[in-house]
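In: Sequence and predicted model, in that order:
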Amino acid sequence: MNKYSMLFGPADVTHTMEDMQALVNRNSFVALRFKEVSDYSGVPVSELLKEKGSRQSLPSLQMVSLGLLAGMLGIADYIASIRGAPESVGGISLGELVALCFSSAISVKDATSIILCEEKKILGGSAEPEGVGFVFLPSESDSKIFIESSSIYVAVDYGKIQSGAGNLLMLSGLRKNLEKEAEISPWEIDILPVELCDNAYHSELRSPVSWKIAELLKSMTINNCDYPVNTCFKDLRRLRTPKDVKEALIKNVVEPLFVSQLIEQQKTDDSAQMVCIGPFLRSLDLNFDLPAEYFDENWVLNSMEVGNDSLKYGE
């Protein structure tokens with residue numbers, strides 16, 4: 001059996017959760033994780049799944065983050081039950097939190113608390129509206145024009161995507177500054193609507209959230225990682241100890257993420273395959289220099305279309 005590494009994707013606010021609805025009804029690993037997250041968050045499973053007629057008691061990004069935390073963990077449990085333990089795990093943004101959970105460094109209860117503490121209503125938040133936007137830069141373009149900007153932040157640098165066609169950046173900042181940049185930029189900047197995201201993720205504007213998480217960490221039990229956790233940070237690329245984990249949980253709120261750093265770190269592992277879990281990753285077509293298998297909405301849809309009973313594993 002091929003040795004493999006896992007990569008967990010970021011929260012995708014446009015994700016419909018229809019794949020997770022199907023999995024909860026067919027796979028006991030996923031169903032169990034949704035029950036866990038529901039119990040710890042107080043949010044009914046129907047809301048986490050965005051089922052028809054369910055209300056939304058939290059902002060969109062918090063809701064989808066809780067749902068994907070449960071779903072990605074359940075899928076990872078399912079894969080590990082068949083293939084054995086991975087050589088390493090890693091994640092992008094929310095995916096890093098999932099990786100830390102799966103590696104037993106933090107509990108599902110504490111991961112849920114971290115997601116919930118990012119809600120502005122709880123923290124007070126900025127006096128001015130915040131947001132994020134995405135920009136695709138052709139391969140010949142230089143991303144430093146955004147990195148050197150004083151008014152917006154590069155929140156996530158996905159690096160080369162789609163077979164090297166260009167770079168994808170997620171930008172963060174005050175909404176008015178993002179809108180101003182979008183007016184003058186030679187490249188189209190897609191700013192997410194305020195109802196989908198009203199926080200400047202992975203920027204210093206999120207400092208109040210990092211302070212809240214620092215307080216939470218004082219009462220958390222942090223363990224050594226069962227599997228090495230590869231990260232997107234420039235100066236903390238691999239997590240193993242509780243000290244590493246605590247530092248990463250703070251960094252993940254306020255520091256930019258560089259996906260190429262995670263990929264380069266992963267290449268030092270003894271893996272023959274990348275297993276990518278969660279939405280968005282397939283569309284990026286990242287270059288892992290390894291065969292990649294995707295466990296996402298397409299996987300669920302294709303499995304159901306051909307009547308694949310593997311989705312029912314664990315029942």
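Out: Perfect, thanks for sending it.
In: those helices in the stretch 151-300 of the chain, which residues are they?
Out: 175-184, 207-219, 242-254, 259-266, 281-284, 297-305 (DSSP state H, counting those that start in this stretch).
In: Could I get the buried residue list for the last one?
Out: Neighbour counts using 16 or more other C-beta atoms under 10 Å place 297, 299-300, 303 of helix 297-305 among the buried residues. All C-beta atoms are positioned from the backbone trio N, CA, C, and that covers glycine.
In: swap in the first one?
Out: Of the residues in helix 175-184, 175, 177-178, 181-182 count as buried by neighbour count, 16+ other C-beta under 10 Å.
In: Mean pLDDT lowest where, among the helices of the stretch 151-300 of the chain?
Out: Lowest mean pLDDT within the helices of the stretch 151-300 of the chain: helix 297-305, at a mean of 85.
In: Return the alpha-carbon coordinates of that one using PDB.
Out: The C-alpha trace of helix 297-305 is given here as PDB (Å, rounded to 0.1, in the frame of the first residue of the first chain):
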ATOM      1  CA  GLU A 297     -17.900  17.000  -3.700                       C
ATOM      2  CA  ASN A 298     -16.900  15.400  -7.100                       C
ATOM      3  CA  TRP A 299     -15.800  12.200  -5.400                       C
ATOM      4  CA  VAL A 300     -19.100  12.000  -3.500                       C
ATOM      5  CA  LEU A 301     -21.200  12.700  -6.600                       C
ATOM      6  CA  ASN A 302     -19.200  10.200  -8.800                       C
ATOM      7  CA  SER A 303     -19.400   7.500  -6.100                       C
ATOM      8  CA  MET A 304     -23.200   7.900  -5.900                       C
ATOM      9  CA  GLU A 305     -23.700   7.900  -9.600                       C
END
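In: Measure how far it is from the centre of its chain, please.
Out: Here helix 297-305 shows a centroid-to-chain-centroid distance of 21 Å under the convention C-alpha atoms, centre = their mean, to the nearest Å.
In: With stretch 154-170 instead?
Out: The answer for stretch 154-170 is 16 Å, by C-alpha atoms, centre = their mean.
In: Same question for stretch 274-287.
Out: That offset, for stretch 274-287, works out to 11 Å (C-alpha atoms, centre = their mean).
In: for that stretch, which positions count as buried?
Out: Taking 16+ other C-beta under 10 Å as the criterion, stretch 274-287 shows 274-282, 284, 286 as buried.
In: if we can go back for a sec, please identify which of the buried residues of helix 175-184 is nearest to residue 53.
Out: residue 175 (31.4 Å; C-beta to C-beta).
In: so who does that closest one touch?
Out: Counting by C-beta atoms under 8 Å, 6 or more residues apart in numbering, residue 175 touches 128-131, 191, 194, 198.
In: okay but residue 3 is in contact with residue 290, surely?
Out: No. With contact defined as C-beta atoms under 8 Å, residue 3 does not count as touching residue 290 (10.3 Å).
In: Contact partners for residue 221?
Out: 107, 110.
In: and if we set it to 6 Å?
Out: Neighbouring residues of residue 221 by C-beta atoms under 6 Å, 6 or more residues apart in numbering: there are none.
In: so what's it scoring on pLDDT?
Out: Residue 221 is given a pLDDT of 95.
In: Residue 134 in helix, strand or coil?
Out: Here residue 134 is recorded as strand under DSSP: H, G, I helix; E, B strand; the rest coil.
In: tell me, how many neighbours does it end up with?
Out: Using other C-beta atoms under 10 Å, the number of residues around residue 134 comes to 16.
In: Return the set of residues that bridge with it.
Out: residue 170, residue 190 (DSSP bridges).
In: how far away is it from residue 5?
Out: Applying C-beta to C-beta, to the nearest Å, the value for residue 134 to residue 5 is 26 Å.
In: For residue 163, which of the helices of the stretch 151-300 of the chain is the nearest?
Out: Nearest of those (C-beta to C-beta): helix 281-284, 10.4 Å.
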